[in-house]
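Colleague: from the sequence below, what's the structure:
(2 chains)
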Number of protein chains: 2
Amino acid sequence: MAENNVVLLDFWPSSYGMRVKIALAETGVSYECKQEDFQAKSSLLLEMNPVHKMIPVLIHNGKSISESLNIVEYIDEVWNHKHSLLPSDPYKRSQARFWGDFIDKNVYSIGKRVWTVKGEEQELGKKQFIECLKKLEEVLGDNPYFGGENFGYVDVALIPFTSWFYTYETFGNLSIEAECPKLVGWAKRCIEKESVAKSLPHPHKIYEFALEYKQRHGF
Amino acid sequence: MAENNVVLLDFWPSSYGMRVKIALAETGVSYECKQEDFQAKSSLLLEMNPVHKMIPVLIHNGKSISESLNIVEYIDEVWNHKHSLLPSDPYKRSQARFWGDFIDKNVYSIGKRVWTVKGEEQELGKKQFIECLKKLEEVLGDNPYFGGENFGYVDVALIPFTSWFYTYETFGNLSIEAECPKLVGWAKRCIEKESVAKSLPHPHKIYEFALEYKQRHGF
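Modeller: Numbering: from 1, shown residues only, chains lettered A, B, ... in the order given. Coordinates of the predicted model:
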């Protein structure tokens, strides 16, 4: 098997899959991307991630790594020695991991309530979603990136969710830019990077996916 | 401020706090341990972990690190260069982080249902708890430790929960040793290590705490 036989098991609207694509694009490593069908998971996915049976899974020379931020750290350790996404200082690394974990615990689960439910529950979801983004905006401060002067680990963790912002805004009838202008400014800066631009689907494509998802699930 | 001014904000029955104590004991770094009162959280805790307001928090030269496995990695990176808890190989590191995350997502939340609820819900909790431990036992295999020949990161992540096993067994009317003999053998090996022995409370002390907790919360 070749030195760098790299396969990504992905599902294109997944923000978690996008993280891995950005991290791989930052390294320049070439890889094969296989799209999974959630109605019929492939035997390869079940074999490679038997515990969670979820994408993304990175398969490097036949060995699998699961959980998106875990994969990002792996990519950083294997291929990114020169331009590591994580800072080299242990304290700054711990802060980056803390906020990566915060994003994991909050953004998807709160965001889902903005576009899949209605009424009071949706209003509460919208309020909590904006609170969550404002907290992250506070962490960003006046820096161009969460990584400071450079695009880094927390940027990779968060930027994929911005491809869902149009969906949240449309279904939730809210303006994220009006609430969090600095965060939206940061997202615009990130999308100018080639590694990000080529890894994120167009927001309208995500919206179409979400619309069909809602119809299929009877929301 | 001294080079190594280290303070741990802790709550003694917390398995998450125990992880940090074990990791610190492995390094030999001396530190001050401050017990938090959950009925009245200290202003120091609120200042040092304003996001989650939870222990454990490690304060190193005035800077705070939160989330137990994040703290363990920090300790490893700052003080543990010679006997790192995480393996040096990136793939093995990714597997250790994966199982650390699996423990975080499952053991406490499932375990709580073994000792705080009754009837069908408890029976389901017991079944899932044993399934979870059996999965971990499978990962351990025939190795003395999750870290292979050496006590490592996954051992630190899991061993604190074994101080709760007596509580789970007593309230849940089950024998973990009968279900998972290899895992209990592993726990006995770990507790022989000084770093573990001095960081885990006696299981009977945990049981008394749990009994009082149940009475106070009317379970």
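Colleague: the longest helix along chain A packs against which elements?
Modeller: Using DSSP state H, we find that the single longest helix of chain A is helix A:90-116. Helices and strands touching helix A:90-116, by 3 or more C-beta pairs under 8 Å, 6 or more residues apart in numbering or on different chains; DSSP states H and E, are helix A:68-79, helix A:119-140, helix A:153-158, helix A:165-172, helix A:203-217, strand B:63-66, helix B:68-79. (Each C-beta comes from the backbone N, C-alpha and C, glycine too.)
Colleague: most neighbours per residue, which of those?
Modeller: By mean neighbour count, with neighbours taken as mean count of other C-beta atoms under 10 Å in any protein chain shown, helix A:153-158 ranks first of the helices and strands packed on helix A:90-116 at a mean of 26.
Colleague: give me the average confidence score over it.
Modeller: The pLDDT scores in helix A:153-158 average 98.
Colleague: cool, stretch A:138-149 as well?
Modeller: Per-residue scores along stretch A:138-149 average to 97.
Colleague: list the buried ones in it?
Modeller: Under the neighbour-count criterion of 16 or more other C-beta atoms under 10 Å in any protein chain shown, stretch A:138-149 has A:139, A:140, A:145, A:146, A:147 buried.
Colleague: how much space between the second one and residue B:31?
Modeller: This means residue A:140. According to C-beta to C-beta, to the nearest Å, residue A:140 stands 32 Å off from residue B:31.
Colleague: equivalent analysis for the third one, please.
Modeller: Note on residue A:145: its distance to residue B:31, by C-beta to C-beta, is 33 Å.
Colleague: now the last one
Modeller: Relative to residue B:31, residue A:147 is positioned 30 Å away (criterion: C-beta to C-beta).
Colleague: pLDDT below threshold where in chain A?
Modeller: Scanning chain A for pLDDT under 70 picks out A:1-3.
Colleague: where do the domain boundaries of it fall?
Modeller: By the assignment in automatic domain parsing, chain A contains the domains A:6-79, A:90-217.
Colleague: wait, does the shortest one contact chain B?
Modeller: Going back to what we said before, that points to domain A:6-79. Yes: Domain A:6-79 lies within reach of chain B by C-beta under 8 Å from any C-beta of the partner chain, at A:51, A:60, A:63, A:65, A:66, A:67, A:70, A:71, A:73, A:74, A:77, A:78.
Colleague: so which of those residues comes closest to residue B:207?
Modeller: Lowest distance from residue B:207 to these (C-beta to C-beta) belongs to residue A:51, with 30.8 Å.
Colleague: hmm, residue B:135 and the closest one touching each other?
Modeller: Yes: the pair residue A:51 and residue B:135 passes the contact test of C-beta atoms under 8 Å, sitting 7.3 Å apart.
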